[in-house]
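**Q** can't give you the sequence, but here's the structure:
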């Protein structure tokens with residue numbers, strides 16, 4: 001089995017990635033380092049994984065059996081966009097705060113590699129979305145994401161008037177700060193904060209959630225994963241942007257239309273026996289006080 005060890009950040013994640021890669025090499029485990037910053041090798045080397053030609057990505061990723069990513073959910077979102085079209089399963093090792101997408105915490109990374117070599121794991125598929133920006137009948141932007149596509153303001157606080165259709169059928173016009181279209185995986189991210197429902201990530205659907213709608217009756221809508229959402233801003237499109245997974249995006253013009261639909265690719269994540277979405281939900285979203293009270297009930 002051939003592993004890729006991907007690092008997309010400096011600091012703690014870079015050091016942990018280097019240590020894991022060296023540990024695997026010492027045990028003659030077939031591993032390849034993939035990096036954005038100078039995480040491996042000579043610190044003066046300026047090679048950057050994400051700035052290499054796409055052909056380099058294809059050659060390396062297509063040769064892997066598994067991609068190991070150390071970091072937070074942001075690193076896993078970026079890795080999913082890179083690996084999805086190659087069908088490479090991702091083993092997420094959480095070094096961040098939440099770690100919704102990770103299979104194990106950082107201290108269990110070595111045990112996880114050993115379990116994978118023994119075949120003690122399974123692969124879970126997650127639906128991804130595709131967002132297209134149309135201008136004058138032509139596609140001027142195309143993005144793939146695992147969590148969500150968000151249309152909102154980038155400048156001054158000003159309400160937008162947003163037309164929403166599903167397929168060819170008009171649904172509603174809503175005055176709001178923006179709108180989120182998310183996958184089930186993304187239902188526990190921005191959409192949840194905006195009042196959207198929590199959806200089991202194994203479902204295949206899209207959730208449309210207005211952001212701060214100025215109406216009494218606007219609610220999130222759950223639609224089939226085979227349907228397409230069409231969004232346009234009827235007020236001036238100035239300072240309006242589309243962002244995908246909070247990481248990539250496109251500035252919109254006033255006549256642009258955004259189309260969001262299921263991606264042809266799926267993200268594949270490594271899971272171990274005993275994995276439970278509902279247990280993770282309890283643990284990750286429970287209230288965490290800033291200070292733990294002492295025995296008398298007062299803050300230390």
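**A** In hand now; what should we look at? Quick caveat, the model's predicted, so the values are computed rather than measured.

**Q** burial of the closest residue to residue 130 other than its chain neighbours, as a residue count?
**A** Nearest residue to residue 130 in three dimensions, chain neighbours excluded: residue 263, at 4.2 Å (Cβ to Cβ, 6 or more residues apart in numbering). For every residue, glycine as well, the C-beta is placed using N, CA and C. Using other Cβ atoms under 10 Å, the number of residues around residue 263 comes to 20.

**Q** quick one: which helix or strand includes residue 263?
**A** strand 257-271 (DSSP states H and E).

**Q** flag the shaky bits of the stretch 201-300 of the chain, pLDDT-wise.
**A** 236-238, 287-300 (pLDDT under 70).

**Q** mind listing what residue 124 touches?
**A** Neighbour list for residue 124: 201-202, 268-271, 275 [criterion: Cβ atoms under 8 Å, 6 or more residues apart in numbering].

**Q** if you could redo that for residue 208, that was the one I meant.
**A** Here residue 208 is in contact with 164, 179-181, 220-221, 223, 229 (Cβ under 8 Å, 6+ apart).

**Q** what's the closest of the residues you listed to residue 99?
**A** residue 180 (21.6 Å; Cβ to Cβ).

**Q** helices or strands up against the helix or strand harbouring the closest one?
**A** Following DSSP H and E, one finds residue 180 within strand 178-182. With contacts defined as 3 or more Cβ pairs under 8 Å, 6 or more residues apart in numbering; DSSP states H and E, strand 178-182 has these neighbours: strand 122-135, strand 148-153, strand 160-166, helix 190-193, strand 205-211, strand 229-233.

**Q** swap the cut-off to 7 Å and go again
**A** strand 148-153, strand 160-166, helix 190-193, strand 205-211 (3 or more Cβ pairs under 7 Å, 6 or more residues apart in numbering; DSSP states H and E).

**Q** include distance to residue 102 when you put these into a markdown table, please.
**A** A markdown table is the format used below for the helices and strands packed on strand 178-182 (distance: least, Cβ to Cβ, whole Å):
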| stretch | distance to residue 102 |
| --- | --- |
| strand 148-153 | 19 |
| strand 160-166 | 33 |
| helix 190-193 | 18 |
| strand 205-211 | 22 |
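
**Q** so which of those gets nearest residue 286?
**A** That would be helix 190-193 among those, by Cβ to Cβ, at 13.8 Å.

**Q** now the closest one: buried residues?
**A** Buried residues in helix 190-193, counting neighbours by 16 or more other Cβ atoms under 10 Å, are found at 190-192.

**Q** next one: stretch 100-112
**A** Result for stretch 100-112 [16+ other Cβ under 10 Å]: buried residues 100-104, 106, 109, 112.

**Q** same check, this time on stretch 195-212
**A** Applying 16+ other Cβ under 10 Å to stretch 195-212 flags 196, 199, 201, 204-211 as buried.

**Q** identify the farthest-apart pair in these.
**A** 204 and 211 (23.8 Å).

**Q** noted, bye for now.
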